[in-house]
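Peer 1: Would you be able to build a 3D model of this:
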Amino acid sequence: MGKRIVFLIAALICVTDPAWSAGGTAEGVRTPVRVAFVDNFSPSFYITTYAPTIQYLKEKFPEYQFESLEFASTDAMWRSSEHFDFVVSSSGAFAKMRMQMGLDEVVMRKPVSVNKASESVSGVMLVLDSRSDLQTIGDLRGRVMVAEHNRTFGGYVALLDEIARKGYDPERFFAEERFTEYQYPDSISLLTLGRADVAFLSSCKWEDLIRRGRVKKDTLRVINERTLPGERCARSTVKLPGEIFATTSSVAPEVAKNIAIALLQMPRDDRDWEWVLATDIMGVYDVLERLKLGPYSYLRDRTPAVLFKRYRMQITLGVLLAVFIAVLALLHIYRTNELVRRKTQELTETIQEKESLIGQVNRTQQYLHLLERTNLVSQLSSMFAHEIKQPVTNIINYAAGIRMLADMGRGGEPETRAALNAIADQAQRVADIVERVRAYAKGRPTEMSLCRLSEIIDRLVENFRLGQSSRAKIVKSVPRDIVISADPVALELLFLNLLRNADQALRNVRAPVIRVSAASCTGYVRVSVSDNGPGVPEHLIGRLGQPGAVPEPSGLGLGIAIAVGIAEKHKGHLEFQNRPEGGFVATVSLPAVSQERPAPAGEPVSRMKQPEEFRVS
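Peer 2: Below you'll find the model as predicted:
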């Protein structure tokens, strides 16, 4: 109702002008010129644009009698039997009526603040700044929206298009849509009162309200802001063409030419807009196609005729493709028959060559077996060189100790005999390692015996101290009652590799600590060797135990592969992981000995401990 009153006031301004109300010219009856417009503008448009334009044309052409016709919608205009010469509408309404009514754009309204008429209008989505739950367009789904009118192109239709651009269905996006019809309470008031979650406005409307003191800028926030530097008004959509002054097919050519020239020459005076030549409006058709409006409303239907109209190009291409495929199929059938004849002949020749190929395959398999044995010998050689280094180093250390005692004149003292015993012990250990390597090479089964785990750990820690210069503090926590069935030498090699790798990882650690602990679980004994080093990269943990799979600088190469092999020989397995508090832990799980079986008695498993003065720190 308020909008109609504004229009009537604007029309009254025009009618009360003497030149407008005159009954004719000096020569007689004036030529009628009827201007129709669709009621999808804000009230200010009639005062600031429509009325001044008609007033200007009336003064410019006193020989024309201008009449205005108002229509509530594009459908109402299409169904009307009224005759009219020109149409004033939004670019969206123009695109809807263009094909149906044979309209041609003459000029387009362009605000002086924009560079191109095709970028005249846009919309802005506003929410309360206090609504932290509303940050993106997706957050508005299922909310309440308020707008001024459901046919405003910039303030409503363009904003629905922005929702469609984000992949949502604008028709099912909001829980409720409210329209103020330009009456009070307006959109901003409903938003401020909490009766709506988001308000749709035409761009610059918000800035006008701020300038008039109707709302404070910091109380509202723009959703999906697209504002570029230098733009005066905030916006949430792309820029689209504004209002269009168009002609119908029934207007006299001379009248159309005169009106077009006059509008382009219309003085701007103090107005912030002007009429310019109509430019690109393809963006409007893109909007209508996404929203399935106007000339694209048929997209809402799913009848065969509509589907053909929508996909006629694809269907035509499909039919042509089907014909092309059929031709290719016929050619293929002919070619296949010819190939079958030729292949039959070739198959006969192939069968004759089969026997010779089988012989060649057998020879190739024998060659592969030879390569596997060669590779096994290479791996065993590497393992032998890797593991023999430790006892040989111990022998060298003991021999050096004996020379020192001899130089000091203490060659016959108990320390000398202890060192000689240690040398014999380490030499025996070398022989044991050699024997184990030979057993692996020949595939002989491993000889198992009952062993105290604590004695094996004590011995390997002692040998480790003798054979390496290490700063690490070794903390042992191995109960003495844990008994396992194992090859003690092989098991010592397993834990020695884990200990050596842990020590290598601690070279740059300020206070290095290695912990060796054991615990009995249900059916298993779990032995862990952990450190407080930097750990191992996660992408390498799964590759540990594969020979050559881990780069040598990590300190986890062939030794881990040997340890994995020994664990599997004992029907156990190794697990690797980084510690949450930092460092790395390797855990060996071995089958436990039944509690009914007695612990090994008699001579302890571990060999004689070496004199303190010969231990290498």
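Peer 1: Mind splitting this protein into its structural domains?
Peer 2: Under the assignment automatic domain parsing, the domains of the chain span 2-116+242-298, 122-223, 447-614.
Peer 1: now these in CSV, with mean pLDDT?
Peer 2: Conversion of the domains of the chain to CSV gives the following (pLDDT from 0 to 100):
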stretch, mean pLDDT
domain 2-116+242-298, 81
domain 122-223, 91
domain 447-614, 79
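Peer 1: among the ones you listed, which is nearest residue 336?
Peer 2: domain 2-116+242-298 (45.3 Å; Cβ to Cβ). Where C-beta positions appear, they are placed from N, C-alpha and C, glycine not excepted.
Peer 1: packing partners for the biggest helix by length in the chain?
Peer 2: Selection of the longest helix in the chain by residue count, based on DSSP state H, yields helix 312-407. Contact partners of helix 312-407 among helices and strands, from 3 or more Cβ pairs under 8 Å, 6 or more residues apart in numbering; DSSP states H and E: helix 414-442, helix 453-467, helix 558-569.
Peer 1: What residues of the last one count as buried?
Peer 2: Just to be clear, that refers to helix 558-569. Counting neighbours by 16 or more other Cβ atoms under 10 Å, one finds that the buried residues in helix 558-569 are 558, 559, 560, 561, 562, 563, 564, 565, 566, 567, 569.
Peer 1: next SSE after it?
Peer 2: Sequence-wise, the next helix or strand beyond helix 558-569 is strand 573-578, with elements assigned using DSSP states H and E.
Peer 1: neighbouring strands for the helix or strand just after that next one, and are they parallel or not?
Peer 2: Next along the chain after strand 573-578, taking DSSP H and E as the criterion, comes strand 584-591. As defined by DSSP bridges, the strand partners of strand 584-591 come to strand 524-531 (antiparallel), strand 573-578 (antiparallel).
Peer 1: how much space between residue 477 and residue 577?
Peer 2: 19 Å (Cβ to Cβ, to the nearest Å).
Peer 1: Secondary structure element holding residue 286?
Peer 2: Taking DSSP H and E as the definition, one finds residue 286 inside helix 282-291.
Peer 1: by contact count, what packs against that helix?
Peer 2: Helices and strands touching helix 282-291, by 3+ Cβ pairs under 8 Å, 6+ apart, are helix 91-101, helix 158-165.
Peer 1: Now the ones you listed in CSV, please, with extra columns for distance to residue 433 and mean neighbour count.
Peer 2: Converted to CSV, the helices and strands packed on helix 282-291 look like this (distance: least, Cβ to Cβ, whole Å; neighbours: other Cβ atoms under 10 Å):
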stretch, distance to residue 433, mean neighbour count
helix 91-101, 89, 23
helix 158-165, 73, 23
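Peer 1: would CSV of those with distance to residue 470 be doable?
Peer 2: Below are these laid out as CSV (distance: least, Cβ to Cβ, whole Å):
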stretch, distance to residue 470
helix 91-101, 82
helix 158-165, 66
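Peer 1: For residue 187, find the nearest of these.
Peer 2: The closest of those to residue 187 is helix 158-165. By Cβ to Cβ, the value is 11.9 Å.
Peer 1: where's that closest one relative to the chain centroid, distance-wise?
Peer 2: The chain centre lies 24 Å from the centre of helix 158-165; the measure is Cα atoms, centre = their mean, to the nearest Å.
Peer 1: Packing partners of it?
Peer 2: For helix 158-165, the packing partners by 3+ Cβ pairs under 8 Å, 6+ apart come out as strand 123-128, helix 282-291.
Peer 1: Sheet partners, orientation included, of the first one?
Peer 2: Here strand 123-128 has these sheet partners by DSSP bridges: strand 198-202 (antiparallel), strand 220-223 (antiparallel).
Peer 1: which one of the strands paired with strand 584-591 lies closest to residue 172?
Peer 2: strand 573-578 (49.5 Å).
Peer 1: so that closest one versus helix 558-569, what angle?
Peer 2: Interaxial angle of strand 573-578 relative to helix 558-569 (axes from the mean of the first three to the mean of the last three Cα atoms, to 10 degrees): 140 degrees.
Peer 1: Name the surrounding residues that touch the helix holding residue 286.
Peer 2: Counting by Cβ atoms under 8 Å, 6 or more residues apart in numbering, the neighbours of helix 282-291 from elsewhere in the structure are 91-92, 94-96, 118, 157-158, 160-161, 164-165, 170, 238, 240-241, 294-296, 299.
Peer 1: Likewise for stretch 519-534?
Peer 2: 453, 457, 472, 478-479, 482, 484, 495, 498-499, 502-503, 505-506, 509, 511-518, 572, 579, 582-592.
Peer 1: Which of these are buried? Put it as a PyMOL command.
Peer 2: In PyMOL, this line selects whichever of those come out buried by 16+ other Cβ under 10 Å:
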select buried, resi 453+457+472+478+482+484+495+498+499+502+503+505+506+509+512+513+514+515+516+517+518+572+583+584+585+586+587+588+589+590+592
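Peer 1: Only alpha carbons, please: show the strand or helix carrying residue 58 as PDB.
Peer 2: Under the criterion of DSSP H and E, residue 58 resides in helix 51-60. Coordinates of each C-alpha in helix 51-60 appear next as PDB, following Å, rounded to 0.1, in the frame of the first residue of the first chain:
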ATOM      1  CA  ALA A  51       9.000  10.500 -12.400                       C
ATOM      2  CA  PRO A  52      12.000  12.700 -13.400                       C
ATOM      3  CA  THR A  53      12.400  10.700 -16.600                       C
ATOM      4  CA  ILE A  54       8.700  11.000 -17.700                       C
ATOM      5  CA  GLN A  55       8.700  14.700 -16.700                       C
ATOM      6  CA  TYR A  56      11.800  15.200 -18.900                       C
ATOM      7  CA  LEU A  57      10.300  13.400 -21.900                       C
ATOM      8  CA  LYS A  58       7.100  15.300 -21.500                       C
ATOM      9  CA  GLU A  59       8.900  18.600 -21.600                       C
ATOM     10  CA  LYS A  60      11.100  17.400 -24.500                       C
END
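Peer 1: Quick one: list the elements packing against it.
Peer 2: The helices and strands touching helix 51-60, judged by 3+ Cβ pairs under 8 Å, 6+ apart, are helix 2-15, helix 18-21, strand 64-71, helix 253-264.
Peer 1: partner strands of the third one, parallel or antiparallel?
Peer 2: For strand 64-71, sheet partners with direction are given as strand 31-38 (parallel), following DSSP bridges.
Peer 1: Only the buried residues of the following helix or strand past the partner strand, if you could.
Peer 2: Stepping forward along the backbone from strand 31-38, the first helix or strand reached (DSSP H and E) is helix 43-45. In terms of neighbour count (16+ other Cβ under 10 Å), helix 43-45 has its buried residues at 43, 45.
Peer 1: what's the offset of helix 43-45 from the middle of its chain?
Peer 2: A distance of 46 Å separates the centroid of the chain from that of helix 43-45, by Cα atoms, centre = their mean.
Peer 1: Right, I'll call it a day here.
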